[in-house]
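Enquirer: The following block contains a protein sequence and its predicted model.
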Amino acid sequence: MIVFDGVEKRFGDNVVLSDLGFTVAPGEHVTLIGPSGSGKTTILRLLMCLESVTDGTIQVAGKYLSHMERGGKLVPADEKHSREVRKRIGMVFQQFNLFPNMTVRGNLIEAPTRVLGLSKDEANARAKELLDLVGLGGKIDEHPSRLSGGQQQRVAIARALAMQPDVLLLDEVTSALDPELVAGVLALLRDIGESTDITILCVTHEMGFARDFSHRVMMFDGGKVIEDAPPEKLFSEPDNPRTQEFLKAVLAH
Amino acid sequence: MENLGAWLSILNQGLSNTLIATIGGIALTIVLSFVAGLALLSPYRWVRVISRIYVEGLRGTSEVVQLFWIFFALPVLVGFEFIPIWGGVAVLGLNHGAYGAEIVRGAVQSVPRAQYEGALALSLSPAQRMRRVILPQAVAEMIPPFNNLFIQLLKSTSILSFVFIHEITRQAKEVLVPNFNPWVIQIYLLLLVYYLIMSLAITAVMRMLERMAAVRLGRRMTRGAARALAGTH
Amino acid sequence: MAVWDWNYAFSILPALVQGLGLTLVATVLGSIIAMLLGLVFAVLQRGPRLIAIIVRGFVEFVRSTPLLVQIFFLYFGLPALGIVLPALVVGVIALGVHYACYTSEVYRAGIEAIPRGQWEAARALSLAPSRIWTGVVLPQAVPRVIPALGNYVISMFKEVPLLIGIGILDVVGRAEEAGDTYFRYVEPYTMAGLFFLLLSYPASLLMRRLERRVGAI
């Protein structure tokens, strides 16, 4: 589903990712963990085309995301091409980023109608269905500002799912929430993971969730994958000493 | 472009009036801004009211009207004659002083209350408080808005062409254009460039003042001090 | 001779009101141009680098030079290029373009204040750039800057008299006319001044009240 090949990302002199290569199979749930600045969020941002690669290629569902084929060669992709490939990817952000000038309904139907070309009725039906799924059916005509953080994040998840993505990116989606709201959102994500076969890439500090939810955990440090294993292995008997250090510090509280 | 020399010399004949009006206007503006601005903060109600009337009255009417009023209505009312350029300076100063008063008031009010209380605790008199503690900090805040205000004033000197003062706009319009008719566009462009250069000069001076104010407040080190501290840490 | 002659004042009132009407027309038309063109300038300054630099240079140039000279430049310069327009049209264009350079700064501040997350979420949903502007960014940015825009409308209103330099008979032009005809200047100019005050002072109070409600930039 996702293929990173020789990817390098540099900001000026600062090399955030270097020679990064990994694949993610369709339907896999992969969690990225590691200290801040290790490059995990950058990977999500590259997939979302919020940044572009300095070197290397990224493929999604067999198509090049960062480049396009022109006359048999690979050239950097233009905006239109990226947008096309990117339609299959959805993202949920740490700060929710709901549009305050629209109601919940507006937020949910905006992209399906304008980008996927659904009719208003179809989009509305889908919106209702998804809101019921996340447990907020009654709030469809509310404004985001009147919802709690947890509710807003659930709407944000529904908004991403409304595009029926093949890939879902979760960027520290519970880090900005009050502790008592975190569990609700994590439960929702677990449901989604079980009931759909969306490929999910998740950056999180919630190790318990990572352990239950993922098929694979990748530990990042200094822009490289230093360990890549199923959660049972990585959390109980990590090979890499750096991983051991990190887990000890994080799981201590 | 052989005409350029002639144009420059003719425009420069008006330059002295433009400069006098600008500098005189700025001086009067600064005085009135502080007087009226501090008056707006006075504990005495009637002082605040009078200042407020001045500020709203001058800000609420058009500068052109003020100009005509001072030049054509005032002499009738009060019967005195004045040299035109000083009348111009008066209009510019009075008008922009009203805007400046708000700048001063805003800047003084933005000094954290803790400063005022600290000065009180040290038993400084109100005048000392203002002079030694509040104003120095407020002045640093005032410089960018005053920069904009002074550039506004410079641009307003062009209005003096309406009352026959020989400043550069008048020189361009009444002398250059009639004599060099086919070059209308170039002449006005040159005139615009004159104002642009003067605007840049004002900004340069204000930036320098801003740096000086920041140094005095300890927000920035002078180069000498920075060099001296460079090796340490 | 008395300082103030009420009969005279009333006799010139109709002409002054007529002039005021023209002042207001010029203000409204100029403001429409300034509001729309300013938005264009603000959006362009976030576009491709070369265009952004050219627009920025133009905006700074116009803001640093007198409106009166710009009016003369257009009114006397356009005919040299073969474009002959009525004085009012030229005046309104000059006012509109000049103030567009100020409103563009206001719009820019409003746009800068929109959190980056909004842009990112919109891109994540694959919304087209034009839709990101019209559906997400501008609906959030513009309402917040309305008080600042309103203040520029008021400023423009007070600068309309500059158009007497190209023969427009706005309220000050009519006042000048009355004064030159009857050789009495106190009444016309005082009344003109009062007209400005009566309209601009309440308007600026309204803007200040709006600013408090909107929590302005």
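Expert: Good, I have the coordinates. Numbering: from 1, shown residues only, chains lettered A, B, ... in the order given.

Enquirer: Check the spacing between residue A:50 and residue C:68 real quick.
Expert: With distances taken as Cβ to Cβ, to the nearest Å, residue A:50 is found 48 Å from residue C:68. Where you see a C-beta, it was placed from the backbone N, CA and C, and this is true even at glycine.

Enquirer: who has more neighbours, the two?
Expert: Set residue A:50 next to residue C:68 and count neighbours by other Cβ atoms under 10 Å in any protein chain shown: residue C:68 wins out with 25 against 16.

Enquirer: Let me see the contact set for that one.
Expert: By Cβ atoms under 8 Å, 6 or more residues apart in numbering or on different chains, the residues touching residue C:68 are B:155, B:158, B:159, B:161, B:169, C:162, C:165.

Enquirer: Adding neighbour count and distance to residue C:150 as columns, could you present those in TSV?
Expert: Output for the contacts of residue C:68, formatted as TSV (neighbours: other Cβ atoms under 10 Å in any protein chain shown; distance: Cβ to Cβ, whole Å):
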residue	neighbour count	distance to residue C:150
B:155	21	22
B:158	28	26
B:159	29	24
B:161	23	30
B:169	27	30
C:162	28	21
C:165	22	26
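
Enquirer: Which members of those residues additionally contact chain A?
Expert: Residues of these in contact with chain A (Cβ under 8 Å from any Cβ of the partner chain): none.

Enquirer: can I assume residue C:104 sits in a strand?
Expert: No: Residue C:104: not assigned to a strand; according to DSSP: H, G, I helix; E, B strand; the rest coil it is helix.

Enquirer: so it sits right up against residue C:36, yeah?
Expert: No: with contacts counted by Cβ atoms under 8 Å, residue C:104 stays clear of residue C:36, the gap being 10.8 Å.

Enquirer: Those two: which has the busier surroundings?
Expert: Each of residue C:104 and residue C:36 has its neighbours counted (other Cβ under 10 Å); residue C:104 has more, 26 against 13.

Enquirer: Identify the residue nearest the more buried one in space, chain neighbours excluded?
Expert: Among residues not flanking residue C:104 along the chain, residue C:41 sits closest, at 3.6 Å (Cβ to Cβ, 6 or more residues apart in numbering or on different chains).

Enquirer: who are the neighbours in contact with the one you found?
Expert: So residue C:41 contacts C:55, C:59, C:100, C:101, C:104, C:107 (Cβ under 8 Å, 6+ apart).

Enquirer: what separates the second one from chain B, distance-wise?
Expert: So the one you mean is residue C:59. Between residue C:59 and chain B the computed distance is 13 Å (Cβ to the nearest Cβ, to the nearest Å).

Enquirer: in what helix or strand does that residue lie?
Expert: helix C:49-64 (DSSP states H and E).

Enquirer: and what of the fourth one?
Expert: Using DSSP H and E, residue C:101 sits within helix C:87-112.

Enquirer: Now that helix: average pLDDT?
Expert: Helix C:87-112 shows a mean pLDDT of 95.

Enquirer: between that helix and helix C:49-64, how many degrees?
Expert: 120 degrees (axes from the mean of the first three to the mean of the last three Cα atoms, to 10 degrees).

Enquirer: continuing past helix C:87-112, what's the next helix or strand?
Expert: Assignment by DSSP H and E places the next element after helix C:87-112 at helix C:116-124.

Enquirer: Centre of the chain to that following helix, how far?
Expert: 33 Å (Cα atoms, centre = their mean, to the nearest Å).

Enquirer: Please apply the same query to stretch B:2-10.
Expert: Worked out by Cα atoms, centre = their mean, stretch B:2-10 lies 30 Å from the chain centre.

Enquirer: what residues does the stretch 1-150 of chain A put near chain C?
Expert: A:48-50, A:79, A:83, A:86-87, A:89-91, A:93, A:95, A:97-102, A:110-111, A:114-115.

Enquirer: just checking, which of those residues belong to strands?
Expert: A:89, A:90, A:91 (DSSP state E).

Enquirer: between those residues, which is nearest chain C?
Expert: residue A:91 (4.2 Å; Cβ to the nearest Cβ).

Enquirer: thought that closest one was touching residue A:173?
Expert: No: with contact defined as Cβ under 8 Å, residue A:91 does not count as touching residue A:173 (9.6 Å).

Enquirer: Can you check what angle separates the strand or helix carrying residue B:202 from helix C:49-64?
Expert: Assigned by DSSP H and E, residue B:202 falls within helix B:184-216. Using the same axes, to 10 degrees, the direction of helix B:184-216 lies 90 degrees away from that of helix C:49-64.

Enquirer: Which positions in helix B:184-216 come out as buried?
Expert: For helix B:184-216, the neighbour count (16 or more other Cβ atoms under 10 Å in any protein chain shown) marks B:184, B:186-188, B:190-192, B:194-195, B:198-199, B:202-203, B:206, B:209-210, B:213 as buried.

Enquirer: Alright, that wraps it up for me.
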